[in-house]
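Visitor: predicted coordinates and the sequence they were generated for:
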Amino acid sequence: MLNEKTEIRLSKFMTKLLRHDPKAFGLVLDPTDGSCELKDMMRAIRSQPRWASITLQDVEQVVRNSDKQRFEITNGRIRARYGHSYEKIRYEPGIPPETLYHGTNRHAAPAILREGIRPMGRQYVHLSEGLQFATLAGSRRGELVILRVDTAKARSMGVTFYFAGNEVWLADEVPASCCAIDDGKGANKR
């Protein structure tokens with residue numbers, strides 16, 4: 001069993017393998033869902049001297065304990081559910097709940113309220129059904145601000161939403177007119 005510090009380091013390395021630079025480690029990901037054979041990923045991990053003794057149970061621990069449920073293992077394959085930066089993964093369009101949330105910080109919020117939510121170097125905008133994931137994402141870079149996204153309005157403006165799993169939704173971008181600051185009382189502030 002990995003200790004917490006080692007688990008976090010392995011999670012970051014798996015993120016690099018499955019979301020950002022698979023080719024550098026000899027991995028070929030399926031372009032439809034970003035998955036690869038678990039055994040191939042294990043080989044890539046173990047090829048690094050630091051991770052030579054990693055076991056399947058260690059990888060399963062990382063998948064199970066990931067705070068944002070970034071990874072998924074199904075039928076001998078593993079994938080990152082979202083957050084890819086190397087090639088655009090395709091997702092099936094879906095109809096999200098009426099409200100989704102986006103976590104950001106106090107400095108970025110004014111620009112988002114003027115220009116909308118954009119992927120900013122990622123393939124998609126990340127949104128969540130609940131406040132937990134939005135809070136995790138937004139609290140990394142300063143004072144947290146939660147934005148509410150009116151998905152019905154966004155859909156009427158042509159925005160397509162994609163379900164990435166575990167309460168996470170993706171979109172190419174979200175217009176500013178569909179976003180408002182969530183004050184925690186159900187009221188929106190523009």
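Guide: Now that the structure is in, tell me what you want to look at.

Visitor: the longest helix in this protein is where?
Guide: Secondary structure assigned by DSSP state H gives helix 4-15 as the longest helix of the chain.

Visitor: next one: that helix to chain centre, how far?
Guide: 16 Å (CA atoms, centre = their mean, to the nearest Å).

Visitor: who touches that helix?
Guide: 2, 41, 45, 48, 51, 54, 58-59, 61-62, 65-66, 70-71, 80, 83 (CB atoms under 8 Å, 6 or more residues apart in numbering). C-betas here are computed from N, CA, C, even on glycine.

Visitor: that one: which residues count as buried?
Guide: Residues 6-7, 10-11, 13-15 are the ones in helix 4-15 that count as buried (16 or more other CB atoms under 10 Å).

Visitor: just the buried residues out of the contacts of helix 4-15, in PyMOL syntax.
Guide: Buried members of these, defined by 16+ other CB under 10 Å, are picked up in PyMOL with:
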select buried, resi 2+41+45+51+54+58+59+61+62+66+70+71+80+83
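
Visitor: so which of the contacts of helix 4-15 are in helices?
Guide: 41, 45, 58-59, 61-62, 65.

Visitor: residue 89: which of those residues is nearest?
Guide: In terms of CB to CB, no member of the ones in helices among the contacts of helix 4-15 lies closer to residue 89 than residue 41, at 15.9 Å.

Visitor: for that closest one, what are its contacts?
Guide: With CB under 8 Å, 6+ apart, residue 41 has these contacts: 14, 17-18, 27, 59, 78.

Visitor: could you dump the residues you listed to TSV with distance to residue 102 and pLDDT?
Guide: Formatted as TSV, the contacts of residue 41 follow (distance: CB to CB, whole Å; pLDDT from 0 to 100):
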residue	distance to residue 102	pLDDT
14	25	91
17	27	90
18	23	87
27	30	89
59	30	94
78	27	93
